[in-house]
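Visitor: just need the structure, nothing else, for what follows:
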Amino acid sequence: MTKKSSSGSDTTTELLFKLVWLGAIVYGVGFFLYYAYEIRLQAIKEFGPVIHEFDPYFNWRATQYLYDNGAKKFFTWFDHMVWYPLGRPVGTTIYPGMQFTAVFIKRYIVGNNMSLNDVCCYIPAWFGTIATFLVGCIAYEASLPTNTGGNIFGTLLDALRGKYTTFESKSSARIFGLHSPAVECAIFAMGFMSVVPAHLMRSVGGGYDNESVAVTAMTLTFFLWMRSLRNQDKYSYLFGLLAGVAYFNMVAAWGGYIFVLNLIGAHAAFLVLLGRFTEKIYLSYTLFYVVGTSLAIQVPVVGWSPLKSLEQMAPCAVFLGYQVLQYCEIQRKKQKMSRMEAWKFRVKVFVGTLAAVTFLVVLLTPKSYFGPISSRVRGLFLPHTKTGNPLVDSVAEHQAASNQAYWQYLHILCLFAPMGLLMVLFRFSDSAGFLLVYAMAAYFFSHKMVRLILLTAPIASVLAGIAVGRIVAWSVTLFLFEANGDEVAEEPIEPKASDDNKAKSDGKKKKKEKKQSSNEVFSGVTAIRDAFAVASKSPEGKVVKIIAAIIMLVSLYKQASSFTNYSWMLSRSLSNPSIILKGQTHDGTVITVDDYREAYWWLRDNTPKDARIMAWWDYGYQITGIANRTTIADGNTWNHEHIALLGKALTGSVEEGYQIARHLADYVLIWAGGGGDDLAKSPHLARIANSVYRDHCPGDVTCRAFGFVDQQGTPSKMMEKSFLYALHGHRLKPGVLVDPEKFEPVYRSKYGKVRIYKILGVSRSSKKWVEENRECDAGGWFCPGKYPPGLKKILEKKKDFAQLEDFNRGVSDEQYQKEYFENLNNPALAKKRAEMMQKETAGNEGAERKEFKPKTLSDDEKIEIYSTWEDTEATTLMWRLVTSNAITELQSWLEKDPGAAWMRSADGRGPMWWAFESKNQDVVTMLMKMGVPHNDKDKLGLSPVDILKE
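Guide: Alright, predicted model coming up:
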């Protein structure tokens, strides 16, 4: 905006205004960055520098090891204190970016002024503040006048007509090199990002998790990628190289780098579809991909996966496509091809390239070159919310997001972000177009997995900042100029011709275009806009605009205040470290519950250094990080079968669990005390165990027989007899006592949250065997352990879990997956079947099957049931029992409900038809004994006997 008046501008006044504006900008940036830092320190101020949750304790332990031993030993660190007896090669299975960052800060920035623990606790707050600033940079880049000269609709029309749109832009106020309203958009984007709960949940002090650093690396990569596409900047593509370096930082920090890579690849492909492919865009993406991929493969956990993993093939395909396109462009210019000739040449080249790539894929696929899509990623594209892997499905943050979740973590950004997106569509450019792709991708993936709402925080803040920033800048402009009778004029910036069209524009200029430009297509809209602009400059129009500006500013202020208060309130709960709790006694006294750490400290101080602790995998990181003791499993969850063995020990019978535990552990740690304790989550443990040990819950893939039978917490028979139930309820529940010859209670925390038992009769020979039978590779550091012989009989019963993505291994378990999804989609049917199995098991313990003696029905009852044809859950269950020859279950059902033998589905068929169809003589005999006829007709006129003859 350029201020004009009849008498000219006063130099002193203009300078004063610029200084005031600059001061307001600096204050705004400083205020929001300070706000971002303060809101993330609540946990540290209340609880001190304490590491939160579970995973951060592994990150802390790995950081300490790196600090003490250096990078070389870190990358050859095989940790035998975890995943006992197998161990884990930590250095090659970890994203080490955060650990290296913490060690660098400790050694070269803070030195002895802070402990390594304190550095780790403060890193989320530091990097959360940096991410806030970078989000402002993204909003600034997207709002620059050089990047807001087009609109998406005109660009699409030009692309369809084969024209390249040269975006024109209008000038804005440029004060000390800064543009308005771009600066206002940046400041408000920072303001939103500083407190938005979607980012706070992974960046509060003490939350030393990968995402706290990775979001900063992600936003830096996105900013540099957008900067490399800046319009009217000939050498901006060099920022593509810097984007590749920033992407390397992202790769080293978090497995979510796949999202970043695919998002930039999708944007690059989107630009081609819009007809925006130019040499600058080609150089930007090529530099990004080559530099980024070359550095990414240096990270041990990543290796060559960017060129092998199916999850990363799309960006690779875009890179190859860019090379082909650039080759075609070079040849087009060199041979001065017409448009039709150029298209024919492109088709030939692409067909040849596609044939070569197809041949290469066919050649490499049988050799297991391509890596599979993981369960978590596959779950993002499935129509249901489950992956087929009970271990993945048991994690709450892997569930689909609800509308309530979006409002909880984004609040008013749910309203402002769509407004900003509309503004971007009408102020479009190559750079700003990235926001459109980002918004669509972030919403899609976060809708599939609630944890990924984190990815929406930057884009929602940017879009909301653009919307609010433009509104505020427009309103302030009205007050400063039009209220004083001055006019606000905008002067066009002369657009620069693109590199591809520069020669044409310099040499051959036509007097008239035969084809309409995209602006002419929207000439009607432009005319309406111009008419509105003229009307708004009238005295009445100015008054209306000022009133509208006042209303909008007041409304924005109220909304911002409400959002700020909400964010601070929610940040208190997000800042709870979970390992320390605040509670109230019956008299209202506020207490600090520190049971978990006190239990780990007890283990550290009262058990031998080589003690092995059995606990569910959730607590493994905390036990090794605080107690410094060996654990059976932890949150890395790399070995499904091993976790299933742990689940079998905990949810199996006391004797079975003991026989497993005595070969693997010295102590058992149980989370008790209600809430989300071990007993509450135990149905998931049983389900995971059953995915490998199919005899755990025979005939019931989702293990519905293990759990609570009512809302009062009454355990099922299977749960009541379990190893976990006995240790959880020892002397707390009526009649529940542990066997004193197997277990010794040694610790119960102050508020009953943790119980620890010493295992009696531990197999010392198994412990010694594990230590003496580790197999090391030629390098001498990779030394995985093996299970002791004492577990041989149990391990022989396991069936390695075949996930849906294991196509390269040539294995599958279609029947398990089918039944798993059927039970999840129809829990009532699964529960009914489980109850029947449980009753049958309870009724037949220690005795043979009783003689089949069903109750008798009257003829009227038989006719009423037999004449009703409909598909129900009962008919589905009956069909499954008959065709699977589940005689015991079927007999139990018919003794209880003899009418089930007479039911018929919508096609007129019933148990007798299905028995003949499956040639199940036992079921036929059972049904005939009950008087069920075998000569009646179904809907197609076929009797059970007719089906047998077919």
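Visitor: I'd like the distance from the longest helix anywhere in the chain to the chain centre, please.
Guide: Counting residues, the longest helix in the chain under DSSP state H turns out to be helix 539-574. Taking CA atoms, centre = their mean, to the nearest Å, one finds helix 539-574 lying 32 Å from the centre of the chain it belongs to.
Visitor: hey, C-alpha coordinates of the helix or strand following it in CSV?
Guide: Remark: after helix 539-574, the chain's next helix or strand is strand 581-584, criterion DSSP states H and E. The C-alpha coordinates for strand 581-584 follow below in CSV (Å, rounded to 0.1, in the frame of the first residue of the first chain):
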residue,chain,number,x,y,z
LEU,A,581,0.4,-37.5,39.1
LYS,A,582,-1.5,-34.9,41.0
GLY,A,583,-4.5,-36.1,43.1
GLN,A,584,-6.8,-35.3,45.9
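Visitor: parallel or antiparallel, list what pairs with strand 581-584.
Guide: Counting by DSSP bridges, the strands paired with strand 581-584 are strand 590-593 (antiparallel).
Visitor: buried set for the strand it pairs with?
Guide: V593 (16 or more other CB atoms under 10 Å). (Each C-beta comes from the backbone N, C-alpha and C, glycine too.)
Visitor: same check on stretch 142-149?
Guide: For stretch 142-149, by 16+ other CB under 10 Å, it's A142, S143, L144, P145, T146, N147, T148, G149.
Visitor: tabulate those (a markdown table), appending pLDDT, secondary structure and distance to H730.
Guide: Listed next are the buried residues of stretch 142-149 as a markdown table, based on pLDDT from 0 to 100; DSSP: H, G, I helix; E, B strand; the rest coil; distance: CB to CB, whole Å:
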| residue | pLDDT | secondary structure | distance to H730 |
| --- | --- | --- | --- |
| A142 | 94 | helix | 61 |
| S143 | 92 | helix | 64 |
| L144 | 91 | coil | 67 |
| P145 | 88 | helix | 72 |
| T146 | 87 | helix | 71 |
| N147 | 86 | helix | 67 |
| T148 | 83 | coil | 68 |
| G149 | 78 | coil | 73 |
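Visitor: just those residues now: which is nearest R880?
Guide: A142 (56.3 Å; CB to CB).
Visitor: quick check: closest non-adjacent residue to that closest one.
Guide: Leaving out its chain neighbours, the residue that sits closest to A142 by CB to CB, 6 or more residues apart in numbering is A432, at 4.5 Å.
Visitor: am I right that the one you found is in contact with A139?
Guide: No - judged on CB atoms under 8 Å, A432 makes no contact with A139 at a distance of 10.3 Å.
Visitor: what's the local residue count around M569?
Guide: Neighbourhood size, M569 [other CB atoms under 10 Å]: 10.
Visitor: check what pLDDT it gets.
Guide: As predicted, M569 sits at a pLDDT of 91.
Visitor: cool, and A705?
Guide: 82.
Visitor: that one and R687, how far apart?
Guide: 11 Å (CB to CB, to the nearest Å).
Visitor: now the common contact residues for the two.
Guide: By CB atoms under 8 Å, 6 or more residues apart in numbering, A705 and R687 have these common neighbours: C697.
Visitor: about what we covered before: tabulate the buried residues of stretch 142-149 (a markdown table), appending distance to R662.
Guide: Formatted as a markdown table, the buried residues of stretch 142-149 follow (distance: CB to CB, whole Å):
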| residue | distance to R662 |
| --- | --- |
| A142 | 62 |
| S143 | 66 |
| L144 | 68 |
| P145 | 73 |
| T146 | 72 |
| N147 | 67 |
| T148 | 70 |
| G149 | 74 |
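Visitor: more neighbours, A432 and A139?
Guide: The residue with more neighbours, out of A432 and A139, is A139; 31 against 26, by other CB under 10 Å.
Visitor: then that one would be within a strand, right?
Guide: No - counting by DSSP: H, G, I helix; E, B strand; the rest coil, A139 is not found in a strand; it is helix.
Visitor: return the set of buried residues in the longest helix of the chain.
Guide: Buried, per 16+ other CB under 10 Å, within helix 539-574: K545, A549, L556, A560, F563, T564, S567, L570, S571, L574.
Visitor: which helices and strands does it pack with?
Guide: Packing partners of helix 539-574 (3 or more CB pairs under 8 Å, 6 or more residues apart in numbering; DSSP states H and E): helix 11-39, helix 182-195, helix 197-200, helix 456-480, helix 523-536.
Visitor: check which helices and strands the longest one sits against.
Guide: Right, the one you point to is helix 11-39. By 3+ CB pairs under 8 Å, 6+ apart, helix 11-39 packs against helix 116-143, strand 173-175, strand 178-180, helix 182-195, helix 539-574.
Visitor: check the fourth one too.
Guide: Based on contacts counted as 3+ CB pairs under 8 Å, 6+ apart, the elements that helix 456-480 packs against are helix 116-143, helix 182-195, helix 197-200, helix 210-227, helix 403-410, helix 413-426, helix 433-448, helix 539-574.
Visitor: please verify my assumption that L22 contacts S180.
Guide: No - taking contacts as CB under 8 Å, L22 lies outside contact range of S180: 11.0 Å.
Visitor: neighbour-wise, which of those two wins?
Guide: The residue with more neighbours, out of L22 and S180, is S180; 21 against 14, by other CB under 10 Å.
Visitor: hmm, the more buried one is touching V472, no?
Guide: No - taking contacts as CB under 8 Å, S180 lies outside contact range of V472: 10.3 Å.
Visitor: for A686, which residues are in contact?
Guide: G647, T651, H696, C697, C703, F706, G707, M718.
Visitor: recalculate using a threshold of 7 Å.
Guide: G647, T651, H696, C697, C703, F706 (CB atoms under 7 Å, 6 or more residues apart in numbering).
Visitor: count the neighbours of the first one for me.
Guide: Counted with other CB under 10 Å, the burial measure for G647 works out to 30 neighbours.
Visitor: please apply the same query to the last one.
Guide: Taking other CB under 10 Å as the neighbour definition, F706 ends up with a count of 31.
Visitor: show me the one of the helices and strands packed on helix 456-480 that comes nearest K767.
Guide: helix 116-143 (32.1 Å).
Visitor: between helix 433-448 and the next helix or strand after the closest one, find me the angle.
Guide: Toward the C-terminal end, the helix or strand that comes next after helix 116-143 (DSSP H and E) is helix 152-160. Using axes from the mean of the first three to the mean of the last three CA atoms, to 10 degrees, the inter-axis angle of helix 152-160 relative to helix 433-448 is 110 degrees.
Visitor: and the residue nearest in space to the middle of the chain, how close does it get to V196?
Guide: Nearest residue to the geometric centre of the chain (CA atoms, centre = their mean): L452, 3.9 Å. L452 is 15 Å from V196, where distance means CB to CB.
Visitor: for I947, same thing?
Guide: 63 Å.
Visitor: the more surrounded of those two?
Guide: Shown here are I947 and V196; by other CB under 10 Å, V196 has more neighbours (27 against 19).
Visitor: now the more buried one: closest residue in space that isn't a chain neighbour?
Guide: V196 sits nearest to A457 (CB to CB, 6+ apart), 5.2 Å away.
Visitor: any idea which element G752 lies in?
Guide: Counting by DSSP H and E, G752 is found in no helix or strand.
Visitor: quick check, pLDDT for it.
Guide: So, for G752, pLDDT stands at 91.
Visitor: for the nearest residue to it once chain neighbours are set aside, give me its contacts.
Guide: Using CB to CB, 6+ apart and skipping the chain neighbours, the partner closest in space to G752 is G673 (4.7 Å). In this structure, G673 makes contact with Y751, G752, K753, judged by CB under 7 Å, 6+ apart.
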